[in-house]
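Engineer: got a predicted model here, sequence first, then my questions.
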There are 2 protein chains.
Amino acid sequence: MWATVSSLSHTDPGGSVGPVATQRVELFARDSPLVLESGATLAPVEVAYETYGHLNGDRSNAVFICHALTGDAHAAGYHDDPERPGWWDNIIGPGKPVDTDRLFVICANVLGGCMGTTGPSSVDPATGEPYGLRFPLFTIRDMVAVHRALVRHLGIARLRAAIGGSLGGMQVMHWAMDFPDDLAAAVLVCATSRLSAQNIAFSAVAREAIMRDPNFHGGDYQRIGARPDAGLAVARMMAHITYLSEEGMRNKFGRRFQNGTTPRFGFDVDFQVESYLHHQGEAFLRRFDANSYLYLTRVMDYFDAFGDMSQAGPKLERLTTPFLVVSFDSDWRFDTSHSREIVQVLSAHRVPVSFREISSPHGHDSFLLVIPEYHRTVASFLRRAEARPAAMPAEVR
Amino acid sequence: MWATVSSLSHTDPGGSVGPVATQRVELFARDSPLVLESGATLAPVEVAYETYGHLNGDRSNAVFICHALTGDAHAAGYHDDPERPGWWDNIIGPGKPVDTDRLFVICANVLGGCMGTTGPSSVDPATGEPYGLRFPLFTIRDMVAVHRALVRHLGIARLRAAIGGSLGGMQVMHWAMDFPDDLAAAVLVCATSRLSAQNIAFSAVAREAIMRDPNFHGGDYQRIGARPDAGLAVARMMAHITYLSEEGMRNKFGRRFQNGTTPRFGFDVDFQVESYLHHQGEAFLRRFDANSYLYLTRVMDYFDAFGDMSQAGPKLERLTTPFLVVSFDSDWRFDTSHSREIVQVLSAHRVPVSFREISSPHGHDSFLLVIPEYHRTVASFLRRAEARPAAMPAEVR
């Protein structure tokens, strides 16, 4: 094991990176398309991204944030309203665990997303219409290929770290295995090397909800001016059940009613937990595209980092990137056994790995929350990573 | 505690009750309607039921089977095809744990159901149209009131036992508490005294799937000739995730593909677990009504057997019916803590109760399966119950 993260002093709450703007760049043009793992090509590929902090002179202080299923490039700071910061603002900023006083932080919307990066809602240049389900199916490898192109575009040869929670962690896992020279450190939070049958089952039902919606129109709803909102809301509500723990739901909602103490006996929202899910479903419709939800969940289903050890074994053997793997004890979407499996495989191949299971009642959502032990663990790991030589160790080449 | 169920010799697999027919009886007529807990009245109320075995001379050998959410009156034997027996045929029959050589077994479709008993798909005599959402909201108490009317109709004063799994167990719990003289014994299998926030959440999302389906038409789909099949299938698929355990899904499906060993990379069914869920969703559409699904899940949400102890306490104090409470260690729909809470409350009120947590990888579905320790436990409990005097103990009155 590389190092066991020790107990640390309290993390300074830190400040805000302040106002930021999402930028957009075309990374793959018609004459130099992205060649996907499937062999299909895709162009143009535009990428929406944000950066926080300052790139140092030798371009050695960059950290890449890989977002989860429904995240976007806006990880920190704020656009217009300081009350509505980016989705991981509590961990990224001056004095925060991902410390923008020292680090240059990049976050990009993933390939296939719907928040500025090319995805199924983008216009297919071949038809002038949104791709819909004609968008090629891609893989985690392809998502990482786009991230790497952005990193090169920014003139960075090697990252201090790549950090990701959930699907973000799956991207980091692939990145480290396939391009070990790219990353000086890797942080995986409540991630997995592969979905379980139950994980796939939840994804499958979510997709059924969307694809069976009469307004789905085989994925061509944009062209028709319809939206499979019923299916997408149901998918999101179901997902939120898996993001909270049973205990967390009990503490947060119990069997309490939305209004007063007596049941209203009807099918409208009555219990608080119903109100919460209803709100989550509705809010999601304002910001997410149903086809992106299909593609990104399917990418997760098919990912299997260690599935073929004849391929993965040699990659792991040459991997020297130090890993931090973090799980939460109440997470049942990707429970600790998923993280332990990653740790065991890495350790078996002598990859330096620190593992921490953090106690939290908040389930999978924990990775987005301020949990002091979790933030201290990430902060400490990144400081240790910065203390290591940034240059690639010669023996690894 | 009443008795600890001891280890028993292997249960004889037993025979079949043979061909049976569902019967139908009007139990509440226009001039004597069912008065619901809400104060609303309902008439006519017809009930579909089946019986197995023979009622003895003093009518003291009757057992009532309360079915779960999507069950029906056809619990044992077969209608036309001996290969397609009733849903609990493995536990009911000659020589089986619910032994029709000695017991007269009754099973009825619940109030609000869609398999012969009056429910939201029945015709409202006031309008000549199906009730839809104009069917009154009812409670577990009302379901039990209909069961009791059937028992009286059959000329039975007191039951040897009432037995139920899941929602069936909730009915038995209510029955024993409100009418302790009715039951000489009570068997609750993977039941609960009240749903948790997470349980309600799954129910709520299932109902959203149905009610947001554009073909739902506010519950009037029958009149219009439509069916909210998309929503109902999604609800059923999601429910099935909660009926299997994570381990059970892993063993049964893992990450295996439906055809061959290579992924097909698309949105059609590819993994075996998808195929399973897809099949469950489709099959359900042929036998179940969406409005019944709404009503029966809502009944479960609102049930809270021990919620108001100023009401429940005195009922429990006078309760002498021996209980058997069975849970399964991999059940996460109503996990063992639900059963333990029932056992603790009963024990605290000196109600005789036997409790067994059975080891099984099959999750909530376990109550429907042949698990020898489970079947032996039920068989032993019922034999002990039969050895007790069938007449009501005088001191209980």
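Structural biologist: Happy to help now that I have it.
Engineer: on the three-state scheme, residue A:356 is what?
Structural biologist: When states are read from DSSP: H, G, I helix; E, B strand; the rest coil, the local structure at residue A:356 comes out as strand.
Engineer: pretty sure it sits against residue A:326.
Structural biologist: Yes. Under the contact definition of C-beta atoms under 8 Å, residue A:356 touches residue A:326, with a separation of 5.2 Å. C-beta here means a position set from N, CA and C on the backbone, and glycine is covered the same way.
Engineer: could you check how far residue A:304 is from chain B?
Structural biologist: Remark: distance between residue A:304 and chain B (C-beta to the nearest C-beta, to the nearest Å) = 7 Å.
Engineer: from residue A:193, how far off is that residue?
Structural biologist: If you measure residue A:304 against residue A:193 using C-beta to C-beta, to the nearest Å, the figure is 7 Å.
Engineer: give me the more crowded residue out of these two.
Structural biologist: The neighbour comparison of residue A:304 against residue A:193 (other C-beta atoms under 10 Å in any protein chain shown) goes to residue A:193, with 23 against 15.
Engineer: and the nearest residue in space to that one that is not next to it in sequence, how many residues sit next to it?
Structural biologist: In space, not counting the residues next to it along the chain, residue A:193 is nearest to residue A:305; the distance is 4.0 Å by C-beta to C-beta, 6 or more residues apart in numbering or on different chains. Around residue A:305 sit 22 other residues, with neighbours defined as other C-beta under 10 Å.
Engineer: what about the residue nearest the centre of chain A, is that helix, strand or coil?
Structural biologist: Computing the C-alpha centroid of chain A and ranking residues by C-alpha atoms, centre = their mean puts residue A:68 first, at 2.1 Å. Using three-state DSSP, the structure places residue A:68 in coil.
Engineer: what's the answer for residue A:117, then?
Structural biologist: Going by three-state DSSP, the secondary structure assigned to residue A:117 is coil.
Engineer: could you chop chain A up by domain?
Structural biologist: Chain A breaks down by automatic domain parsing into domains covering A:23-194+A:304-396, A:199-245+A:273-297.
Engineer: would you turn these into CSV with distance to residue B:158?
Structural biologist: Converted to CSV, the domains of chain A look like this (distance: least, C-beta to C-beta, whole Å):
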stretch, distance to residue B:158
domain A:23-194+A:304-396, 44
domain A:199-245+A:273-297, 40
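Engineer: can you put those in JSON lines and add mean pLDDT?
Structural biologist: Written out in JSON lines, the entries for the domains of chain A read as follows (pLDDT from 0 to 100):
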{"stretch": "domain A:23-194+A:304-396", "mean pLDDT": "96"}
{"stretch": "domain A:199-245+A:273-297", "mean pLDDT": "97"}
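Engineer: tell me the most buried of the ones you listed?
Structural biologist: Sort those by mean neighbour count, taking mean count of other C-beta atoms under 10 Å in any protein chain shown, and domain A:199-245+A:273-297 sits at the top with a mean of 22.
Engineer: what sits against residue A:135?
Structural biologist: The neighbourhood of residue A:135, defined by C-beta atoms under 8 Å, 6 or more residues apart in numbering or on different chains, consists of A:112, A:119-120, A:122, A:124, A:291, A:295.
Engineer: redo that, cut-off 7 Å
Structural biologist: With contact taken as C-beta atoms under 7 Å, 6 or more residues apart in numbering or on different chains, residue A:135 is in contact with A:119-120, A:295.
Engineer: ok, and which of those reach chain B?
Structural biologist: Restricting the contacts of residue A:135 to those adjacent to chain B (criterion: C-beta under 7 Å from any C-beta of the partner chain) removes every one of them.
Engineer: give me the contact list for stretch A:297-305.
Structural biologist: Contacting residues not belonging to stretch A:297-305 are listed as A:69, A:112, A:137-140, A:167, A:170, A:173-174, A:177, A:193-195, A:200, A:203, A:206-207, A:312, B:255, B:263, B:265, B:267, B:271 [C-beta under 7 Å, 6+ apart].
Engineer: what backbone torsions are found at residue A:350?
Structural biologist: With angles defined as degrees, to the nearest 10, residue A:350 shows backbone torsions of phi 60, psi 30.
Engineer: separation between it and chain B?
Structural biologist: Applying C-beta to the nearest C-beta, one obtains 27 Å for the distance of residue A:350 from chain B.
Engineer: what do you get for residue A:264?
Structural biologist: As for residue A:264, its distance to chain B is 10 Å (criterion: C-beta to the nearest C-beta).
Engineer: do the same with residue A:70
Structural biologist: Residue A:70 sits 17 Å away from chain B, going by C-beta to the nearest C-beta.
Engineer: got it, and residue A:208?
Structural biologist: For residue A:208, the distance to chain B under the criterion C-beta to the nearest C-beta works out to 6 Å.
Engineer: what does residue A:63 give?
Structural biologist: Here the criterion is C-beta to the nearest C-beta. By it, residue A:63 lies 32 Å from chain B.
Engineer: same question for residue A:93.
Structural biologist: As judged by C-beta to the nearest C-beta, residue A:93 and chain B stand 33 Å apart.
Engineer: contacting residues for that residue?
Structural biologist: Listed by C-beta under 7 Å, 6+ apart, the contact partners of residue A:93 are A:14-17, A:76, A:100.
Engineer: circling back: for the closest residue to the residue nearest to the centre of chain A other than its chain neighbours, what are phi and psi?
Structural biologist: Take residue A:68 and drop its neighbours on the chain: the residue closest to it by C-beta to C-beta, 6+ apart is residue A:166, 4.0 Å away. The phi and psi torsions at residue A:166 (degrees, to the nearest 10) take the values phi 60, psi -120.
Engineer: and residue A:323, by the same measure?
Structural biologist: According to degrees, to the nearest 10, the main-chain angles of residue A:323 amount to phi -110, psi 140.
Engineer: what's in contact with stretch A:310-325?
Structural biologist: Taking C-beta under 7 Å, 6+ apart as the criterion, the residues outside stretch A:310-325 that touch it are A:2, A:176-178, A:180, A:183-188, A:305-306, A:339, A:342-343, A:345-346, A:349, A:351-355, A:378, A:381, A:385, A:393, A:396.
Engineer: what's in contact with stretch A:203-214?
Structural biologist: Counting by C-beta under 7 Å, 6+ apart, the neighbours of stretch A:203-214 from elsewhere in the structure are A:216, A:228, A:230-232, A:234-235, A:238-239, A:290, A:293-294, A:297, A:300-301, B:209, B:214, B:230, B:233-234, B:237-238, B:241, B:267, B:273-274, B:277.
Engineer: off-centre distance for stretch A:24-34?
Structural biologist: Its chain's average C-alpha position is 23 Å from that of stretch A:24-34, according to C-alpha atoms, centre = their mean, to the nearest Å.
Engineer: secondary structure element for residue A:105?
Structural biologist: Remark: residue A:105 resides in strand A:104-108, with elements defined by DSSP states H and E.
Engineer: quick one: strands adjacent to the next helix or strand after that strand?
Structural biologist: Using DSSP H and E, the helix or strand that directly follows strand A:104-108 along the chain is strand A:123-124. According to DSSP bridges, strand A:123-124 forms sheet pairs with strand A:129-130 (antiparallel).
Engineer: chain center to the helix or strand following the strand it pairs with, what's the gap?
Structural biologist: Toward the C-terminus, strand A:129-130 is succeeded by helix A:140-153 as the next helix or strand (DSSP H and E). When distances are taken as C-alpha atoms, centre = their mean, helix A:140-153 is centred 14 Å away from the chain's centroid.
Engineer: parallel or antiparallel, which strands does the following helix or strand past helix A:140-153 pair with?
Structural biologist: Sequence order places strand A:161-165 as the next helix or strand after helix A:140-153, per DSSP H and E. On the basis of DSSP bridges, the sheet neighbours of strand A:161-165 come out as strand A:62-66 (parallel), strand A:186-189 (parallel).
Engineer: and those as a markdown table, adding distance to residue B:374?
Structural biologist: Converted to a markdown table, the strands paired with strand A:161-165 look like this (distance: least, C-beta to C-beta, whole Å):
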| stretch | distance to residue B:374 |
| --- | --- |
| strand A:62-66 | 46 |
| strand A:186-189 | 40 |
